[in-house]
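S.K.: pasting the structure only:
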């Protein structure tokens, strides 16, 4: 008996002290105040990276960077479109909560953002490259370096000269440098060195020769982004920032069957973190979110992150935790875009199962018709764009990573679906979402050129519906204001 007790006591002491060592490692990252450099690509799906398994995409720079980094297998943005994704990254809040849940719209008044939050902790916060967040007063960058023209490129490049100048004399403060590329976003390069035979398209894409030929020009844009990232890494080496700085790589969201949707091809992103001597290179399946970035850098800077939708990644960086979030969420709002229509989606992901709820489908409108509800042209028009979409979609991303088979109606998965659905609608209520399970789908106020009832070549609506929504649109911020 004494021997058994002694062995148990020895095991307990070993466990406690091992935990203490782990905690010490984690604590050592807090208030370490490193320089932070974050490179952000534009319109590149996680699936379009050799690091994540693509056989032919030209991503040698990110692949080499990944070998020196902690690579996140399950990283997500909250909305697959430029402004909402970036705003989420810079606020630590999901799009509905921060107010920017349509493209080309502003954050809610009073929302504090990365430059303000880190500025209070003594950091300089610089944006170099693409912005696509507004209003300017809500994003008071310490310095702002605009993209620059580059001969032969289809888009402007990151401002390497300005970055070089800054790194030569960054000042006495630690800094957070956001380097936001415009690549591989369209327009694509006219000249390409790639051939259609090299192209490998995802299984949900058209496998035509024309599609592969178009993809060669997308590959050329990916190559431009890789050249930019390589040039940035060289500058970090030149200015001796590579060894002591936390360097992050991510893309804002996916493109094909990704942008403007809630599929993994839109929301699931490449995300990598390199910090020599502090982060052990490898791969993690921890479920993480763009909302985690702000809490992470606040904790690195010595602050206490409070009130965010995300939480600090330092326990993941240190290896103390293997898990992070239980769930991440997705938002899709197609009002306020060039292809303006009404097809809102919300989603929840547990790292394996992904549940998507489509609020305006032909299936739902058919039920409404049977119930005697009045026909609405704009709802019908939006639903008709997605004739194969069911109201509920569930995917097992472990066995079906490209989300080709909807198992929502499979009796074997009913419990999983119902549980995820309940948690999704609970989260929506917490976020003050303007949508609910059985409520109406409102029409949102947008900029004039994105108005649903405005006629133009992109929106050829019949005469009787032009201007017909006057007085029926609601203010997005008012509709989602905390109550």
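M.R.: That came through fine. All values derive from a computational prediction rather than experimental measurement.
S.K.: hey, let's count contacts and neighbours off CA atoms from now on
M.R.: Fine.
S.K.: Would you mark the buried spots in stretch 113-132?
M.R.: By neighbour count with 16 or more other C-alpha atoms under 10 Å, stretch 113-132 contains the buried residues 113-119, 121, 123-132.
S.K.: Contact partners for residue 329?
M.R.: 78, 346-349, 424 (C-alpha atoms under 8 Å, 6 or more residues apart in numbering).
S.K.: Between those residues, identify the one with the most neighbours.
M.R.: residue 78 (32 neighbours; other C-alpha atoms under 10 Å).
S.K.: List the residues that contact residue 402.
M.R.: 202-204, 264-265.
S.K.: okay, it: pLDDT?
M.R.: At residue 402, the model reports a pLDDT of 97.
S.K.: Could you list the low-confidence segments of this protein?
M.R.: Applying pLDDT under 70 to the chain picks out residues 1-26.
S.K.: And the next helix or strand past the longest helix along it?
M.R.: Criterion DSSP state H: the longest helix present in the chain is helix 209-238. Sequence-wise, the next helix or strand downstream of helix 209-238 (DSSP states H and E) is strand 246-251.
S.K.: So what are the sheet partners of that following strand and their directions?
M.R.: Applying DSSP bridges to the sheet, strand 246-251 is found paired with strand 36-42 (parallel), strand 271-274 (antiparallel).
S.K.: show me what contacts the residue most central in space within the chain?
M.R.: The centroid of the chain falls nearest to residue 77 when counting by C-alpha atoms, centre = their mean (2.1 Å). Residue 77 sits next to 85, 88-89, 252-253, 267-269, 289-291, 330 when contact means C-alpha under 8 Å, 6+ apart.
S.K.: State the phi and psi torsions of it.
M.R.: phi -90, psi 170 (degrees, to the nearest 10).
S.K.: How much space separates it from residue 46?
M.R.: In this view, residue 77 and residue 46 are 11 Å apart by C-alpha to C-alpha, to the nearest Å.
S.K.: any common contacting residues for the two?
M.R.: Common neighbours of residue 77 and residue 46 (C-alpha under 8 Å, 6+ apart) are 268-269.
S.K.: Relative to residue 171, which of the strands paired with strand 246-251 is closest?
M.R.: strand 36-42 (14.5 Å; C-alpha to C-alpha).
S.K.: Okay, and residue 288 sits in which element?
M.R.: Going by DSSP H and E, residue 288 is in strand 282-289.
S.K.: Am I right that residue 74 is in a strand?
M.R.: Yes - according to DSSP: H, G, I helix; E, B strand; the rest coil, residue 74 belongs to a strand.
S.K.: my read: it touches residue 286, true?
M.R.: Yes - when contacts are counted by C-alpha atoms under 8 Å, residue 74 is listed as touching residue 286 (6.2 Å).
S.K.: coming back round to it: which of the contacts of residue 402 sit farthest apart?
M.R.: Largest pairwise distance in those, by C-alpha to C-alpha, is 13.5 Å, between 203 and 264.
S.K.: Out of the strands paired with strand 246-251, which is the most enclosed?
M.R.: strand 271-274 (a mean of 24; mean count of other C-alpha atoms under 10 Å).
S.K.: Looking at residue 203 and residue 264, which has the bigger crowd around it?
M.R.: residue 264 (27 against 10).
S.K.: In contact with the more buried one: list those residues for me.
M.R.: Here residue 264 is in contact with 258, 402-403 (C-alpha under 8 Å, 6+ apart).
S.K.: if we can go back for a sec, not counting the strand holding residue 288 itself, show me its contacts.
M.R.: So strand 282-289 is contacted by 67-78, 310, 316, 322-328, 350-351 (C-alpha under 8 Å, 6+ apart).
S.K.: follow-up on the earlier one: please check the contacts of residue 77 and keep the buried ones.
M.R.: Here, 16+ other C-alpha under 10 Å leaves 85, 88-89, 252-253, 267-269, 289-291, 330 buried among the contacts of residue 77.
S.K.: so what does the longest strand along the chain touch, helix or strand wise?
M.R.: Ranked by residue count, the top strand of the chain under DSSP state E comes out as strand 175-184. Secondary-structure packing of strand 175-184 (3 or more C-alpha pairs under 8 Å, 6 or more residues apart in numbering; DSSP states H and E): strand 36-42, strand 124-129, helix 209-238.
S.K.: Can you list the strands that it pairs with?
M.R.: Next to strand 175-184 in the sheet, as set by DSSP bridges, lie strand 36-42 (parallel), strand 124-129 (parallel).
S.K.: Kindly calculate the angle that the first one makes with helix 209-238.
M.R.: Computed with axes from the mean of the first three to the mean of the last three C-alpha atoms, to 10 degrees, the direction of strand 36-42 lies at 170 degrees from that of helix 209-238.
S.K.: after strand 36-42, next one along is what?
M.R.: Of the helices and strands lying after strand 36-42 in sequence (DSSP H and E), the nearest is helix 60-67.
S.K.: Just name whatever secondary elements that next one is in contact with.
M.R.: helix 209-238.
S.K.: Measure how the helix it packs on sits relative to helix 60-67, angle-wise.
M.R.: Using the same axes, to 10 degrees: helix 209-238 against helix 60-67 is 60 degrees.
S.K.: how about helix 209-238: buried residues?
M.R.: For helix 209-238, by 16+ other C-alpha under 10 Å, it's 212-213, 215-230, 232-233, 235-236.
S.K.: just to revisit the earlier point, and the residue nearest to the centre of the chain, how far from residue 191?
M.R.: 31 Å.
S.K.: for residue 377, same thing?
M.R.: Residue 377 is 43 Å from residue 191, by C-alpha to C-alpha.
S.K.: just residue 215 next, same as before
M.R.: 12 Å.
S.K.: Repeat that for residue 311.
M.R.: Relative to residue 191, and taking C-alpha to C-alpha, residue 311 is found at 43 Å.
S.K.: Please identify which of the two sits among more neighbours.
M.R.: When residue 311 and residue 191 are compared for neighbours, residue 311 comes out ahead with 23 against 13, by other C-alpha under 10 Å.
S.K.: Could you find the closest non-adjacent residue to that one?
M.R.: residue 292 (4.9 Å; C-alpha to C-alpha, 6 or more residues apart in numbering).
S.K.: same question, residue 220
M.R.: residue 192 (5.5 Å).
S.K.: what about that neighbour, neighbour count?
M.R.: The local packing of residue 192 (other C-alpha under 10 Å) involves 16 other residues.
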